[in-house]
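In: when you get a sec, could you give me coordinates for this:
(2 chains, ligands or ions: 2)
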Amino acid sequence: MTASRVGDSPARVGGFGRVTGAQQYVADLHPADALHAKLVTVDAAHARIVSVDASGALALPGVHLVLTSDDLPQPVPRFGPQNRDRPVLAVGETKYHGDPVAIVVADTVDQAEAAAAAVRVEHEPLPAVFTIEGALAADAPLVQDPSLREGQALAQTNVLNEHEVGWGDLDQAARGADVVLERRYTFPMVTQFAIEPHAWMAAPDGDGIVVWSAIQHPYWLQRMLAGVLKLPLARVRVVAPDPGGAFGGKQHPKYEPALAFAALRVGRPVKLVLTLEETFQAVRRAACDATVRIGLARDGSICFEDIRADYLIGAYTDIADRVVGKGSYVGAGPYAIPAVRIRGRSILSHTVPSTAFRGFGNPQINWAVESTLDEACEALGLDPLDVRLRNLAAKGQPFIPFDTPCDGDWADSVRKAADMIGWGSPMPEGRGRGIAVGIKSGPTTGLSTSIVRLLADGSVVVYAGTSDMGQGARTVFAQVASQELGAPLDWVTVVMGDTAVVPYDQQTSASRSTVLMGNAVLNACRDIQRKLAAMAARVHGVEAGAVAVEGGVVRLPGGAVLPIADVVAASLGRLGGEITGLGEARKEADPSHPLGGSAAFFEFNCTAIEASVDEDTGDVTIHRHVTVSDVGKALNPLQVTMQDEGAAIMGLGHTLMEHYLFDDEGRIRNLGAIDYRIPTSMDLPRSLESAFVEHEDGPGPFGAKGMSEGALLCVAPAVGAAIHAAARVRIRDLPFSPERVWRAIQERDRGEAGA
Amino acid sequence: MAERVAIELVLNGARRRVEVEPHHTLLDALRDDLALTGAKSCCLVGECGACTVMVDGRAVDSCLVLAAEVAGADVRTVEGLAPAGGGLSTLQAKFLEHGAVQCGYCIPGQLMAAQALLETTPQPSDPEIEEGLAGNLCRCACYEQIFDAVRETAATAVVEPRAPAAAAR
Ligand code: FES
Ligand code: FES
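Out: Ligands and ions are numbered 1, 2, ... in the order given. All right, here's what the predicted structure looks like:
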């Protein structure tokens, strides 16, 4: 019986069920009396609903309910994490392909599908916008009714919001620049494509409701449902089985409110499992069109950056404006730059509401800024590695003047990545190398609570409201408890995913859980240690301060060191029982800060790529992909590597192959797995090497930082630079599909290439 | 709705009889009629591999096979991988050991594709592993770790094909 220590890579907690098929995801729940739901949509990006005739559907066998917005409380409740702009079901108009007009409930999935197809929605197509240019045109139809945007200066436009940050004097700084370059880079819409399509179930529960959702933020969903259903929080129970991948797409509620109303109406559990195609029409990343003006001095110092980034978001806000605000905010990168201006805009359109996606709004803007920097280096004949090292903020330096100073030895990561790829060393003919860095601001506010119970035999139950969506949070929390309380890992149970049982956690996002919930669990364990020390002292008849409990053991006066398990029963006394610890971790808000709070930490990554291009086909081969993240302390090195490599490969997805394609009517043409490609085992780099830097300088337990997104931030600019080095083409639109690369090569050969 | 069809099959070594809708897939039948939810549903068009099971020793996308078509066949799912006495098979254990499992949603399919590969090609080359698993998407992207697990299973364990007849008993 040995305790697991942080820094080990023990067997994954929850792993057994994942390799035996016993793990139950939402779609695997089959209550005997469950009914099945299907959403009714219309084939239009923007339409006026003239009438809904449900009679044909209701006459079909097994059909229990067809619910439209007319059947809901009036005015129809609206919800959303930022703006309450999304109705439970469409009211008067639909605003994107997939916007549900009604929800039908039947005995079987087949019957629900047949009924949904039989609901006749008479509708009139309305003008719609799918692009930034379209949405900003003078005669563009307004995506959102200005009455929903009362008091907003831009309510009469499709610009939902503008974010501007900056410091220093741009004009003055520009005078020191030896080259000033302005470049435009675009990033397409891509989708999370968790292999588990979104799934939910709702059921009446006494005079309340219980909703099962593969959601990252169960407590957020609970609060939203309580508001929409006008129920006390204590009557709304959210059960959140582990998501089968989420990547941000499962942060915020989508169709849970409609399902909840339906379940309350029929008085039975109702299950809604989206198809993959419906999931594509429910979540995506914001596209981005960024123009970067950069000034570089001959010695390689960055004089200024002036960035404009327009993000194309969808028809409802969801969390998209936060994505834009937070992503653009760190757009200038991890550099100490005297003058910066960043203007980010979120632009509404009649498309799928964009939401959080690993990296949030950073990969888009980072692609543009790092690539433009690469072009500026080329213009001055400077080495891109030297320029990055020269400009990186130093530890403790307030590189964004009003935020957390640089919190890592970032140059270490860059040097490590450069060493690993052999920057500057010879390589086979036809190859090129590129290097890029990226940062992301961690959580700006946060509150995580944990309860830990030390049972009489020394085993431990940890309650933590994080969602384990693959990052392995359960294992890390068990490791922390094991180390602090001395129980072996298989004597630790981690309970998650039920708002009726587990105390409050704000959310699972921004790579926060190891830091915030990790600290909450640690604090709960320390609470137990204090209580146990006092109890043991009483039993041994010594002064309270004479007994120390730490690192899983009890130290008695006189030098005896005992395992906690041997002390706890005696300390509890004749009534037995258990010792309960409560822990909390907060990241306080700062209302004066542009983001509402400073960064709890920064995620920093450096990616280096060696690539070649097949000039006949435009195929890009990634020979080597090196990623180095500054993680503070790897509590579980294997899991850190898994997250880092997973993010890196996901980054290759949007870099090389992923994008939504639209037809003239705003339909996604490559809807589904056949035409929308994500990396498979055949698309991997020839060699993928992931490493990390540990200086135990993070705010989490034992110096950990969050780290699950970093390796995605700079894949595109690093690959773009490598392609340029290999083939002398600059491609400024993603993805680097063979066709696009081939065309760039043709242009190069006709002498039109580059800028 | 059409009449339900009764079929018999050998499922994870046991003879089972079940009535299925004629238009339902093997995936539907497993998940809805046979209470085996290990095989997962995602794309339903044969592109993701989440629904992979073994039919007569070969990996198939159960979303593409009609349930009625497997009458008389030997069907194996992830639920049948672990040894009868408890614990995990070498392949399952190697998946965990190498960190091949993140969210886990694709894993039943990956395991069955790998199992089928190892039964037909006990010592697969790297390209054979890549090819054998190319139909199984993992968005968490534990591909390298999955390869390591398969490679090491091939090196350390004898993966015996289970003959349908013996299994049917
Ligand atoms: S669900 Fe069968 S291959 Fe995707
Ligand atoms: S482990 Fe998450 S999809 Fe493979």
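In: can you pull out the helices in the stretch 651-755 of chain A?
Out: A:710-713, A:715-727, A:738-749 (DSSP state H, counting those that start in this stretch).
In: repeat for chain B
Out: Remark: helices assigned in chain B by DSSP state H are B:26-28, B:90-97, B:107-120, B:126-132, B:143-156, B:164-168.
In: contact partners for the residue of the stretch 601-750 of chain A found nearest ligand 2?
Out: Minimum separation of the stretch 601-750 of chain A from ligand 2 (CB to the nearest ligand atom) falls at residue A:646, amounting to 8.3 Å. Just so you know, the C-beta spots here come from the backbone N, C-alpha and C atoms, and that holds for glycine as well. Neighbouring residues of residue A:646 by CB atoms under 8 Å, 6 or more residues apart in numbering or on different chains: A:470, A:711, B:102, B:140, B:141, B:142.
In: could you measure it against residue A:517, distance?
Out: 20 Å (CB to CB, to the nearest Å).
In: residue A:497 now?
Out: In terms of CB to CB, residue A:497 sits 13 Å off from residue A:517.
In: which neighbours do those two share?
Out: Contacts common to residue A:497 and residue A:517, judged by CB under 8 Å, 6+ apart, are residue A:465.
In: is residue A:212 in a helix, a strand, or coil?
Out: Using DSSP: H, G, I helix; E, B strand; the rest coil, the three-state assignment for residue A:212 comes out as strand.
In: just to revisit the earlier point, compare neighbour counts for residue A:497 and residue A:517 and give me the winner.
Out: residue A:517 (30 against 23; other CB atoms under 10 Å in any protein chain shown).
In: can I take it that the more buried one is in a helix?
Out: Yes. Counting by three-state DSSP, residue A:517 is part of a helix.
In: would you put the C-alpha positions of stretch A:622-640 in CSV?
Out: What follows is stretch A:622-640, C-alpha atoms only, in CSV (Å, rounded to 0.1, in the frame of the first residue of the first chain):
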residue,chain,number,x,y,z
ILE,A,622,5.3,17.3,-41.4
HIS,A,623,8.6,15.4,-40.7
ARG,A,624,9.1,16.7,-37.2
HIS,A,625,6.7,18.4,-34.8
VAL,A,626,8.2,19.6,-31.6
THR,A,627,6.1,21.1,-28.8
VAL,A,628,7.4,22.5,-25.5
SER,A,629,5.0,23.9,-22.9
ASP,A,630,5.8,25.7,-19.6
VAL,A,631,3.7,23.7,-17.2
GLY,A,632,5.2,24.8,-13.8
LYS,A,633,5.0,21.3,-12.4
ALA,A,634,3.8,18.2,-14.2
LEU,A,635,1.6,16.6,-11.5
ASN,A,636,1.2,13.6,-13.9
PRO,A,637,3.8,13.7,-16.7
LEU,A,638,2.1,11.1,-18.8
GLN,A,639,-1.2,13.1,-18.8
VAL,A,640,0.7,16.3,-19.5
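In: could you tell me how far it lies from the centre of the chain?
Out: 18 Å (CA atoms, centre = their mean, to the nearest Å).
In: with stretch B:116-135 instead?
Out: 14 Å.
In: tell me the backbone dihedrals of whichever residue of the stretch 651-755 of chain A sits closest to ligand 1, please.
Out: Using CB to the nearest ligand atom, residue A:673 is the residue of the stretch 651-755 of chain A that sits closest to ligand 1, at 6.5 Å. Dihedral pair for residue A:673: phi -70, psi -20, per degrees, to the nearest 10.
In: so what's the residue count around residue A:573?
Out: Count around residue A:573 with other CB under 10 Å applied: 11.
In: nope, residue A:11 is what I was after
Out: Other residues close to residue A:11 by other CB under 10 Å number 16.
In: isn't residue B:113 right up against residue B:137?
Out: No. Counting by CB atoms under 8 Å, no contact exists between residue B:113 and residue B:137, whose distance comes to 11.1 Å.
In: name the residues contacting each of the two.
Out: By CB under 8 Å, 6+ apart, the residues touching both residue B:113 and residue B:137 are residue B:49.
In: distance to ligand 2, mean pLDDT and mean neighbour count for the helices of chain B - can I get that in TSV?
Out: Converted to TSV, those look like this (distance: least, CB to the nearest ligand atom, whole Å; pLDDT from 0 to 100; neighbours: other CB atoms under 10 Å in any protein chain shown):
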stretch	distance to ligand 2	mean pLDDT	mean neighbour count
helix B:26-28	17	98	24
helix B:90-97	10	97	23
helix B:107-120	6	98	25
helix B:126-132	16	95	15
helix B:143-156	8	96	21
helix B:164-168	28	42	13
